[in-house]
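Student: Sharing a model prediction with you, sequence too.
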Amino acid sequence: MTKQAGPVYVADTKRDLKSLQEALIKDNGKSLAVRTECLGTCGKVFRALMNDENTDGAIICSFATWYMKRFSETMQTIYAESSKPLLISSFMSVTIPEVSEAAKVVGKAGIPYLPSPERAAKAYSALVRYGRFKRSLKRTLSVSPYRDKDPLRVRGPSQPFLLTGPGNRSFLSKA
């Protein structure tokens with residue numbers, strides 16, 4: 001998402017994507033209009049993005065200071081409604097009072113505030129690697145090394161074995 005830089009990004013992308021060129025010709029440039037009140041628009045777009053099943057998370061790059069606190073409160077609300085990771089980055093220093101206040105707002109909500117888009121991308125990459133690692137652990141732990149063996153014959157240091165009690169009831173017991 002972008003604010004006033006949007007038309008530049010669209011024009012740059014338009015060169016490479018034929019389908020976008022055709023869509024913009026039909027659109028007659030209406031989608032390139034600059035909007036000055038981006039909170040309402042960005043909030044709606046961001047909410048739709050975080051609710052989309054094809055989105056795994058987001059990195060927001062924020063550059064303006066005049067609405068940082070309000071923007072952060074909006075992102076905090078939307079983040080609370082989602083279970084997807086969100087990172088916010090800005091090249092502006094947290095020594096600027098508005099930026100510092102915004103960083104505190106999102107920090108209290110558990111949203112990392114990073115000083116550059118590059119660091120945000122590295123942090124997001126680490127989140128992806130961690131997610132893959134956790135999924136691999138779940139797959140590994142769900143597959144028992146003893147699945148093809150008779151539990152009555154397998155006895156390891158902490159491997160449970162099956163005991164049959166009166167009336168053919170089964171009990172699990174530690175060896």
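Tutor: Structure's in. What do you need?
Student: Leu127 and Phe133, how far apart?
Tutor: Separation of Leu127 from Phe133 (CB to CB, to the nearest Å) stands at 11 Å. To be clear about C-beta, it is placed using only N, CA and C from the backbone, and glycine gets the same treatment.
Student: Determine the set of other helices and strands touching the helix ranked longest in the chain.
Tutor: Criterion DSSP state H: the longest helix present in the chain is helix 117-142. In terms of contacts (3 or more CB pairs under 8 Å, 6 or more residues apart in numbering; DSSP states H and E), helix 117-142 is packed against strand 58-61, strand 86-89.
Student: which ones are touching Ser72?
Tutor: Taking CB atoms under 8 Å, 6 or more residues apart in numbering, we find Ser72 in contact with 88, 101-103, 105-106.
Student: Of these, grab the buried ones for PyMOL.
Tutor: The buried residues among these can be selected in PyMOL (16 or more other CB atoms under 10 Å) with this line:
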select buried, resi 88+102+103+105+106
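Student: ok, of the contacts of Ser72, which one's closest to Ser62?
Tutor: Ile88 (6.2 Å; CB to CB).
Student: out of Leu127 and Phe133, which sits in the more crowded spot?
Tutor: It is Leu127, of Leu127 and Phe133, that has more neighbours when counted by other CB atoms under 10 Å, with 15 against 10.
Student: those strands in the chain, which residues are they?
Tutor: 58-61, 86-89, 113-114, 160-164, 170-174 (DSSP state E).
Student: Give the burial count for Ser136, as a bare number.
Tutor: Residues lying near Ser136 (other CB under 10 Å) number 10.
Student: just for this protein, where's the confidence low?
Tutor: Within the chain, the stretches with pLDDT under 70 are 1-41, 63-67, 139-175.
Student: For it, just list every one of the helices.
Tutor: Under DSSP H, the chain gives helices at 6-16, 18-27, 38-51, 68-80, 97-108, 117-142.
Student: Quick check: buried residues in the third one?
Tutor: Of the residues in helix 38-51, those buried by neighbour count under the rule 16+ other CB under 10 Å are 38, 42-43, 46, 49-50.
Student: what's the angle between that helix and helix 68-80?
Tutor: 20 degrees (axes from the mean of the first three to the mean of the last three CA atoms, to 10 degrees).
Student: elements contacting helix 38-51?
Tutor: In terms of contacts (3+ CB pairs under 8 Å, 6+ apart), helix 38-51 is packed against strand 58-61, helix 68-80.
Student: how about 7 Å then?
Tutor: helix 68-80 (3 or more CB pairs under 7 Å, 6 or more residues apart in numbering; DSSP states H and E).
Student: Quick check: buried residues in the helix it packs on?
Tutor: Of the residues in helix 68-80, those buried (16+ other CB under 10 Å) are 68-69, 71-72, 74-76, 78-79.
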